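Engineer: predicted model, plus sequence, below.
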Amino acid sequence: MKRRSFIGKAGTLALAVLTTQEVFGKISFPQTPSLRLVLRGGSCFFENRWQSPDIGIDRQGKLWMGQAGSLQAPEVRILENQVVSPGFIDILADNAANPRRSYPVFEKFKVTDGVTTALQMHGGSGDCAEYYRTFGALPHVINYGVSTAVMRIRNMTTSIAARKKQVERCLDEGALGVSHSLEYQPTPYDEVLAYARLATKYDRPFFLHLRFSSATQETEGVEEAVQLAKDSGARVHIDHLHSTGGTYRMGEALERIRLANVHGHRITCCVYPYSFWATYLNSRRFDDGWQKRYGLTYADLQLVGTGERLTAESFVRYKILKKLVAVPPGTMPMESTVDLALKEGFCMIGSDGGIEYPVSANSHPRGAGCFATSLSHARQLGMPLETILHKMTGLPRSLMLPAMEDRGILASGAWADLVVFNQTQVNGRATVEKPNQFSDGIDMVLVNGTIAYEHGKLGFSSGTGIRYPVRTG
């Protein structure tokens, strides 16, 4: 990247931007305000084609798009052989264990993977007002937000009426959606339906971790998700379909979702670009019979953050310590799971991960490398760059509307959440043994118009909370 700076002359007239709008049947060109930074020469998918417009950033952190060479600012960055994209939106970020302690590490490894907004929609908080109040007082490298975590609320009380009241309170307080994990906390269908109906009432998505992961029952979980969409009218999102619902019969799972959408229901899903899953030994996934259920042995399990393989003795010991273990690569063959799902317009990227410790993290590498790895994998598949970028920006944005109305897009007036990367070099470096590694090829990340990361170094903290307006009265 070459850098060229110059001081704009006072009184210079603002130039017309590329984006146009219809006003009374005529084309008008909105004028640019005073800009403080221009990105020039980068390639971006703008107005449905690849081009290299000037990308200006004003003093409020908003975007202004202009014809190549047209915008002026005190600082101009010349980008060569680089792509400029809206910042990646991780709708399935995971930092639920101890977020107050771990969020700086969590956000560091997100931003170095090109993520500008990390939303914890698989889990979240049982008290969203307190969450936003607490985290709103702290500095953030990236934007953040949470859903209403039904699992946490169900642990707080045994009364269904009280649970529903707390879910609704969280939605009133701006929670981005409702989430529940049926495999980890089995719940009667009628109760789940009640939560989905609340999501519909507030027009928020309902994020669902399916009930079954076994070869014999996984499609039952997909059918349940479809039935929930039919019975509640909710926008149902299925978490990481390839590891829960489509591991063994992805084609069938996708067909059922596709058919439901054709009939007017609204179902989406996400995947992460890895052929193995990881979860905590104390979870229900490792209840008795797991070896037969998944065709695995103790020796197949690897303690994440190390090269250690488990034994019957260490399994018991690490289960008490609630450690995360990974299954072998190929457990979920990419060609029959992830690659099939990525062909669907309703499938997006979601990490289901986050790094919690600065060194020796006991966290799946997807927490640090999901999005760069997705770009690299899509290139290997021959998928058009604009297609995979849409699955990391526009598609998750559409799921979170209207909360993300002015984010995840290249448009004048939108917030300047941007990632600059090298298309041929971008890739995730994180591994099971060493998950704490920055991704390759992510050159610069801007959050709300401020450089949050550049060339391996963190910049300013300008992230903000993403939520719905708080209802009063």
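Structural biologist: Sure, I can see it. Numbers count the residues shown, from 1 in each chain.
Engineer: any weak-confidence spans in the stretch 351-473 of the chain?
Structural biologist: By pLDDT under 70, the weakly predicted segments of the stretch 351-473 of the chain are 472-473.
Engineer: how about 90 then?
Structural biologist: 357-362, 470-473 (pLDDT under 90).
Engineer: which residue ranges form the strands in it?
Structural biologist: Secondary structure of the stretch 351-473 of the chain by DSSP state E, counting those that start in this stretch: the strands cover 418-421, 442-447, 450-454, 457-458.
Engineer: let's have these in a markdown table, adding distance to residue 181 and mean neighbour count.
Structural biologist: Placement of C-beta: from N, CA and C, glycine included. Below are the strands of the stretch 351-473 of the chain laid out as a markdown table (distance: least, Cβ to Cβ, whole Å; neighbours: other Cβ atoms under 10 Å):
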| stretch | distance to residue 181 | mean neighbour count |
| --- | --- | --- |
| strand 418-421 | 30 | 26 |
| strand 442-447 | 29 | 26 |
| strand 450-454 | 31 | 22 |
| strand 457-458 | 32 | 12 |
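Engineer: in TSV, list these along with distance to residue 187.
Structural biologist: Shown next, in TSV, are the strands of the stretch 351-473 of the chain (distance: least, Cβ to Cβ, whole Å):
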stretch	distance to residue 187
strand 418-421	38
strand 442-447	36
strand 450-454	38
strand 457-458	40
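Engineer: out of those, which comes closest to residue 464?
Structural biologist: Ranking the strands of the stretch 351-473 of the chain by proximity to residue 464 (Cβ to Cβ) places strand 442-447 first, at 8.5 Å.
Engineer: who does that closest one pair up with?
Structural biologist: strand 418-421 (antiparallel), strand 450-454 (antiparallel) (DSSP bridges).
Engineer: so which of the ones you listed is nearest residue 171?
Structural biologist: Between these, strand 450-454 lies closest to residue 171; by Cβ to Cβ that is 29.6 Å.
Engineer: show me the contact partners of that closest one.
Structural biologist: 61, 111-112, 116, 141-142, 442-446, 458-463 (Cβ atoms under 8 Å, 6 or more residues apart in numbering).
Engineer: do the same with stretch 314-321
Structural biologist: The contact list for stretch 314-321, computed with Cβ under 8 Å, 6+ apart, reads 281, 282, 286, 298, 301, 303, 308, 310, 325.
Engineer: at 7 Å instead, please
Structural biologist: For stretch 314-321, contacts defined as Cβ atoms under 7 Å, 6 or more residues apart in numbering pick out 281, 282, 298, 303, 310.
Engineer: dump the C-alpha coordinates for that stretch into PDB.
Structural biologist: In PDB, the C-alpha atoms belonging to stretch 314-321 read as follows (Å, rounded to 0.1, in the frame of the first residue of the first chain):
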ATOM      1  CA  SER A 314      -8.100 -37.000  30.600                       C
ATOM      2  CA  PHE A 315     -11.600 -36.900  29.100                       C
ATOM      3  CA  VAL A 316     -13.000 -37.100  32.700                       C
ATOM      4  CA  ARG A 317     -10.500 -34.500  34.000                       C
ATOM      5  CA  TYR A 318     -11.000 -32.000  31.200                       C
ATOM      6  CA  LYS A 319     -14.800 -32.400  31.400                       C
ATOM      7  CA  ILE A 320     -14.700 -31.200  35.000                       C
ATOM      8  CA  LEU A 321     -12.600 -28.200  33.800                       C
END
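Engineer: off-centre distance for it?
Structural biologist: The chain centre lies 30 Å from the centre of stretch 314-321; the measure is Cα atoms, centre = their mean, to the nearest Å.
Engineer: could you do stretch 188-199 as well?
Structural biologist: Remark: stretch 188-199 is offset 24 Å from the chain centroid, using Cα atoms, centre = their mean.
Engineer: buried residues in that stretch?
Structural biologist: Residues of stretch 188-199 classed as buried: 192, 193, 194, 195, 196, 197, 198, 199 (neighbour count, 16 or more other Cβ atoms under 10 Å).
Engineer: send me it as PDB with only the CA atoms.
Structural biologist: Taking C-alpha atoms only, stretch 188-199 is exported to PDB below (Å, rounded to 0.1, in the frame of the first residue of the first chain):
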ATOM      1  CA  PRO A 188     -40.800 -28.600  24.700                       C
ATOM      2  CA  TYR A 189     -41.900 -27.400  21.300                       C
ATOM      3  CA  ASP A 190     -44.800 -25.300  22.600                       C
ATOM      4  CA  GLU A 191     -42.400 -23.300  24.800                       C
ATOM      5  CA  VAL A 192     -40.000 -22.700  21.900                       C
ATOM      6  CA  LEU A 193     -42.900 -21.600  19.800                       C
ATOM      7  CA  ALA A 194     -43.900 -19.000  22.400                       C
ATOM      8  CA  TYR A 195     -40.400 -17.500  22.100                       C
ATOM      9  CA  ALA A 196     -40.500 -17.600  18.300                       C
ATOM     10  CA  ARG A 197     -43.900 -15.700  18.400                       C
ATOM     11  CA  LEU A 198     -42.300 -13.000  20.600                       C
ATOM     12  CA  ALA A 199     -39.600 -12.600  18.000                       C
END
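Engineer: the most centrally placed residue in the chain pairs with what?
Structural biologist: The geometric centre of the chain, computed from its C-alpha atoms, lies nearest to residue 90 (Cα atoms, centre = their mean), at 1.2 Å. Beta bridges link residue 90 to residue 118 when assigned by DSSP bridges.
Engineer: residues contacting it?
Structural biologist: 110, 115, 118, 119, 350, 351.
Engineer: quick one: the strands in the stretch 1-150 of the chain?
Structural biologist: With DSSP E, counting those that start in this stretch as the criterion, the stretch 1-150 of the chain has strands at 2-5, 21-23, 26-28, 35-40, 44-46, 49-51, 54-58, 63-66, 75-78, 83-86, 88-90, 115-125, 143-149.
Engineer: need those strands in JSON lines (columns: mean pLDDT and distance to residue 425).
Structural biologist: Shown next, in JSON lines, are the strands of the stretch 1-150 of the chain (pLDDT from 0 to 100; distance: least, Cβ to Cβ, whole Å):
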{"stretch": "strand 2-5", "mean pLDDT": "40", "distance to residue 425": "17"}
{"stretch": "strand 21-23", "mean pLDDT": "33", "distance to residue 425": "37"}
{"stretch": "strand 26-28", "mean pLDDT": "35", "distance to residue 425": "39"}
{"stretch": "strand 35-40", "mean pLDDT": "97", "distance to residue 425": "18"}
{"stretch": "strand 44-46", "mean pLDDT": "97", "distance to residue 425": "17"}
{"stretch": "strand 49-51", "mean pLDDT": "97", "distance to residue 425": "18"}
{"stretch": "strand 54-58", "mean pLDDT": "98", "distance to residue 425": "21"}
{"stretch": "strand 63-66", "mean pLDDT": "97", "distance to residue 425": "25"}
{"stretch": "strand 75-78", "mean pLDDT": "96", "distance to residue 425": "18"}
{"stretch": "strand 83-86", "mean pLDDT": "98", "distance to residue 425": "11"}
{"stretch": "strand 88-90", "mean pLDDT": "98", "distance to residue 425": "17"}
{"stretch": "strand 115-125", "mean pLDDT": "95", "distance to residue 425": "18"}
{"stretch": "strand 143-149", "mean pLDDT": "97", "distance to residue 425": "26"}
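Engineer: thank you, goodbye.
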